[in-house]
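Chemist: I'll drop the sequence and a predicted model, then ask my questions.
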Amino acid sequence: MLELNEKDASVDFIKLYCAQQRNLKNKQMFFSASKKTFSGSAIMHTAFESCEQSDEKVLEQFDFINNEKNDFKDGIVSERAFSEMQQKSFYNWKNIFASGDSSCMSDSLKNKINAELKDKGKNSNPEKVKISQTELKSFFPCPRKFIFTKVLSLKEDSLDVDLIKNYEAGVLIHKIIELVCKNFQDKNGIYKGKIPIFNEETSGHIEQLIFSAFDEAKLHAGFSRSPLALKIIESQKGLICKNVFLFFKQFCALPDYSSKKGNKSFGGYFIEGVELEKEVPCSSNQFDFFGKIDCVLLNPDEPDELFIIDYKTGSAPSIKDCIFNADSIPVLGDFQMASYVKLLESNETKVCSAMFYKIKKDSADNFDVVQIISKTPNARSHNIDREGFEKTLSEFEIFAEYFYEKSSGFDFEPKNFQVDKEHGINVYKDCMKCGLNSICRTSFNIAKKEIL
């Protein structure tokens with residue numbers, strides 16, 4: 001690795017590159033550079049010495065890009081920079097791309113896919129496929145992303161070197177809320193399975209629970225891997241706990257059903273589940289739906305009515321993504337609430353409210369919600385009641401059936417949206433913003449000529 005010092009890193013890089021090409025008979029290395037453009041990750045043209053060369057064919061002979069192009073076209077392996085493993089991988093990719101045959105997929109990858117789809121749940125059938133909303137989200141619109149993220153656990157390409165990732169801070173806050181709510185849920189505890197009503201008497205105890213939960217939660221969020229990250233997060237303990245305390249101040253207040261923005265407070269409600277793990281069969285019984293729900297509440301006045309709450313420390317899905325509308329957007333953009341309703345409902349109980357609860361306060365210390373299903377739907381908010389959500393549930397099961405069909409046949413080739421409007425990808429919309437596009441190619445282009 002290049003050291004950070006006062007020397008010119010470009011010169012060091014050129015020397016390092018040349019040092020790895022010692023097997024060349026010609027000791028002179030050739031680079032090309034532009035005087036008209038500059039990129040922060042490029043080598044400036046001033047780092048090179050100009051070289052007069054009358055014969056362009058000699059230059060082409062030592063040009064790395066040209067040699068890589070020839071390796072693709074002619075199958076001639078360069079000893080300089082194109083390894084046998086690279087050549088084998090590229091030709092394997094070419095065969096799969098040309099044939100579209102899933103039999104080219106290795107047995108080890110197939111085993112990993114089966115493990116991802118079946119190894120879930122504590123007391124479930126290990127041979128039955130279980131489909132969660134996160135798998136559907138990674139599969140649509142691009143099936144390859146499911147392989148990369150869920151099966152191979154690849155991280156999206158990024159130049160960020162943050163010591164603490166945003167999602168890790170979210171995991172910490174989620175865990176604190178989970179531990180506090182589990183204390184509320186304990187029927188043998190102080191609150192007898194209910195959310196306490198926030199007042200002077202309960203506020204002090206809730207604050208104590210939050211601070212105690214922080215000490216346990218920080219070990220679950222991955223910070224223990226780095227002593228420095230752990231020190232940083234501990235230094236922010238007061239701010240984090242204060243934010244969570246303000247959330248519970250609103251969450252545990254008495255319900256306000258007259259609010260135009262919908263009720264955000266659930267003091268006195270029974271807690272049916274915290275991080276509730278559920279598994280139910282689909283209509284055809286070919287596979288099971290599986291998932292964990294942050295919080296499930298019961299209305300004390302209507303014990304057959306369920307309330308679904310999913311906490312969001314980042315952005316929440318929009319209402320239009322969560323509700324299927326054949327007239328406007330004939331595609332279900334988010335599967336989370338549909339999955340949770342499917343998991344929870346039975347003949348005895350029905351979901352009457354489902355919302356994303358944002359754990360991010362505004363300037364007035366209020367926490368907003370995105371209510372997808374409401375007992376009293378608001379046309380201005382575009383949410384709907386449970387009956388109106390039925391079409392979304394039907395569409396959700398169609399997507400799940402499609403996922404099951406493709407994954408069972410190990411068919412993970414993406415389809416063009418012009419061919420498949422519901423399940424296809426739009427290259428310019430979906431691929432350009434994908435953090436995995438550097439390793440996911442449908443064609444190789446060199447000098448504006450498509451090789452495949």
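Modeler: On my side now, so go ahead. Numbering: from 1, shown residues only.

Chemist: Show me what the mean pLDDT comes to for stretch 291-308.
Modeler: The average pLDDT for stretch 291-308 rounds to 92.

Chemist: what's around the closest residue to Asp186 other than its chain neighbours, how many residues?
Modeler: Nearest in space to Asp186, with sequence neighbours left out and distances taken as C-beta to C-beta, 6 or more residues apart in numbering, is Gly193 at 7.1 Å. Every C-beta, even on glycine, is put in place using the N, C-alpha and C of the backbone. By other C-beta atoms under 10 Å, 15 other residues sit near Gly193.

Chemist: OK, contacts around Gly193?
Modeler: Phe184, Gln185, Asp186, Lys187, Phe270, Ile271 (C-beta atoms under 8 Å, 6 or more residues apart in numbering).

Chemist: switch the cut-off to 10 Å
Modeler: With contact set as C-beta atoms under 10 Å, 6 or more residues apart in numbering, Gly193 has these partners: Phe184, Gln185, Asp186, Lys187, Tyr269, Phe270, Ile271, Glu272, Leu298.

Chemist: Closest one to Leu254 out of these, please.
Modeler: For these, the residue nearest Leu254 by C-beta to C-beta is Tyr269; the value is 10.5 Å.

Chemist: Could you tell me which residues make contact with that closest one?
Modeler: Contacts of Tyr269 (C-beta under 10 Å, 6+ apart): 184, 193-195, 197, 251-252, 255, 295, 297-301, 307.

Chemist: Got a quick ChimeraX command for the buried subset of the residues you listed?
Modeler: Selecting the buried subset of the contacts of Tyr269 in ChimeraX, with 16 or more other C-beta atoms under 10 Å as the burial test, is done by:
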select :184,194,195,197,251,252,255,295,297,298,299,307
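
Chemist: all strands of the stretch 51-200 of the chain, in order?
Modeler: 130-131 (DSSP state E, counting those that start in this stretch).

Chemist: Residue ranges in it under the pLDDT threshold?
Modeler: 51-83, 93, 96-104, 123, 157-164, 166 (pLDDT under 70).

Chemist: one more time with 90
Modeler: Applying pLDDT under 90 to the stretch 51-200 of the chain flags residues 51-109, 119-127, 141-142, 144, 153-171.

Chemist: Can you show me the helices along it?
Modeler: Ranges of helices in the stretch 51-200 of the chain, per DSSP state H, counting those that start in this stretch, are 56-61, 64-74, 84-99, 107-118, 133-139, 143-146, 166-185, 200-217.

Chemist: Out of the ones you listed, flag the one nearest Lys342.
Modeler: When the helices of the stretch 51-200 of the chain are compared by C-beta to C-beta, helix 133-139 sits nearest Lys342, at 9.3 Å.

Chemist: What residues of that closest one count as buried?
Modeler: Residues of helix 133-139 classed as buried by neighbour count (16+ other C-beta under 10 Å): Gln133, Thr134, Glu135, Leu136, Lys137, Ser138, Phe139.

Chemist: Show me what it is packed up against.
Modeler: Counting by 3 or more C-beta pairs under 10 Å, 6 or more residues apart in numbering; DSSP states H and E, the packing neighbours recorded for helix 133-139 are helix 143-146, strand 288-298, helix 336-344, helix 390-408.

Chemist: Quick one, which of those gets closest to Thr202.
Modeler: Closest approach to Thr202 among the helices and strands packed on helix 133-139 (C-beta to C-beta): strand 288-298, 17.4 Å.

Chemist: quick check, distance from the next helix or strand after that closest one to the centre of its chain.
Modeler: Next in sequence after strand 288-298, counting helices and strands by DSSP states H and E, comes strand 305-312. Computed by C-alpha atoms, centre = their mean, to the nearest Å, the separation of strand 305-312 from the middle of its chain amounts to 20 Å.

Chemist: quick one: strands adjacent to strand 305-312?
Modeler: strand 288-298 (antiparallel), strand 350-361 (parallel) (DSSP bridges).
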